[in-house]
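Peer 1: What follows is a predicted structure for the sequence shown.
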Amino acid sequence: MAGATAALYLYFFHRQDLEQLLGDATAASNIAGGTVYFVFGCLRGFTLIPVTSLVLLGVVFFPSVPLFVLTLAGILVSSASVYYFAEALHVDELLRKKHCDRLDRGKCSLSDTAWPSSSAGASFRSCRPISSAISVASCASG
């Protein structure tokens, strides 16, 4: 709320300063700006900041196609890092110790008999390891 108030204040009362600041920022190297945006995109997953706020900031500085590519690359690296660190820290073993009964219920609900035998159900089976981990984690937390 304070950030929005400050942005509106700058926009309405110090527009020339804001235009000069944005002009200077866009005149800087696109490679340096893209690198900073990508690093923020990679670290965003650890801080639980939604990607929308980063995209809204990036819209001001980048054209749409490079922004799209940088955003997707940041999301990919951020998500892979979170999954990698969860595996390295053995979060699954911790959940298994603390919430064994909930994990068993989650595994039973995600068994092969719960999936439809249609071609749509077969296409969803390929996503099952990730969706299983997410579903079981949500069962364990709830």
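Peer 2: Noted; the coordinates are in hand.

Peer 1: ok, Ala32 - contacts?
Peer 2: By Cβ atoms under 8 Å, 6 or more residues apart in numbering, Ala32 lies in contact with nothing. C-beta here means a position set from N, CA and C on the backbone, and glycine is covered the same way.

Peer 1: List phi and psi for it.
Peer 2: phi -70, psi -40 (degrees, to the nearest 10).

Peer 1: show me where the protein has helices.
Peer 2: Ranges of helices in the chain, per DSSP state H, are 2-13, 15-27, 30-47, 51-61, 64-88, 91-98, 100-109, 119-125, 128-141.

Peer 1: and the third one, average pLDDT?
Peer 2: This means helix 30-47. When pLDDT is averaged over helix 30-47, the result is 85.

Peer 1: what angle separates it from helix 51-61?
Peer 2: Orientation check (axes from the mean of the first three to the mean of the last three Cα atoms, to 10 degrees): helix 30-47 against helix 51-61 gives 170 degrees.

Peer 1: residues of helix 30-47 that come out buried?
Peer 2: Residues of helix 30-47 classed as buried: Gly33, Gly34, Tyr37, Phe38, Phe40, Gly41, Cys42, Arg44, Gly45 (neighbour count, 16 or more other Cβ atoms under 10 Å).
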